[in-house]
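> Sequence and predicted structure below; questions after.
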Amino acid sequence: MKSTITIGRSSHCDIIIPHASISREHARISLNGGRYIYENIGRNGSVLGGRVIYNEKIIVAPGAEILLAGKIPLPWSQVYAMLPMHGVQPYDNETRYDPVQSQVIVQVPPVQQYKEDNIGIGYGILAFLIPIAGWIMYFVWKDSTPHRASQANTLAWIGFILNLICFWASM
């Protein structure tokens, strides 16, 4: 039984993660004294508890959320299978075991890409409220301060026109 495993894109790694953001040899995990020691050895870093790690060894709790290259969760099921700790049972995930090479291959689910094609709801609300606020100020100030009322009216019309442009652009 090994005491250290490697994780990466390379076929020489114990756990293979075929994803472009993962380094060929991205990380090493060893079991020492009943504790998992995580070492990031790739250039793309890892994220542990919101902290980016490069070229560091850190003692981690089993199942700790570690994001390889800040994107791919560490496949703890494979770590447990290859470096079993007393009392820890491996569980199945999207994996495939290659008996010829004695390697576990992780099937990485596609990462959902968020698109910002549409104008956000906040911009829509703002574009709606600016003209209304401008016209309200116009009617409040038109008798007492005509110059201010004129500025508020201009603001209202600019907001209205921008609202129309945003509406047409989002179609």
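On my side now, so go ahead.
> by contact count, what packs against the helix ranked longest in the chain?
Taking DSSP state H as the criterion, the chain has its longest helix at helix 146-169. Here helix 146-169 touches helix 121-141, going by 3 or more CB pairs under 8 Å, 6 or more residues apart in numbering; DSSP states H and E. Yep, even glycine has a C-beta here, placed from its N, CA and C like the rest.
> residues in contact with the residue of the chain most remote from its centre?
Here the chain reaches farthest from its C-alpha mean at residue 143, the gap being 54.3 Å by CA atoms, centre = their mean. Listed by CB atoms under 8 Å, 6 or more residues apart in numbering, residue 143 has no contact partners.
> ok now do residue 36, which residues does it touch?
By CB under 8 Å, 6+ apart, the neighbours of residue 36 are 29-30, 59-62, 79, 83, 85.
> ok, it to residue 27 distance?
From residue 36 over to residue 27 the distance is 11 Å, taken as CB to CB, to the nearest Å.
> Next: residue 136.
Taking CB to CB, one finds residue 136 at 59 Å from residue 27.
> Likewise for residue 169?
From residue 169 over to residue 27 (counting by CB to CB), the distance is 45 Å.
> And those two? Which one has more around it.
residue 27 (25 against 9; other CB atoms under 10 Å).
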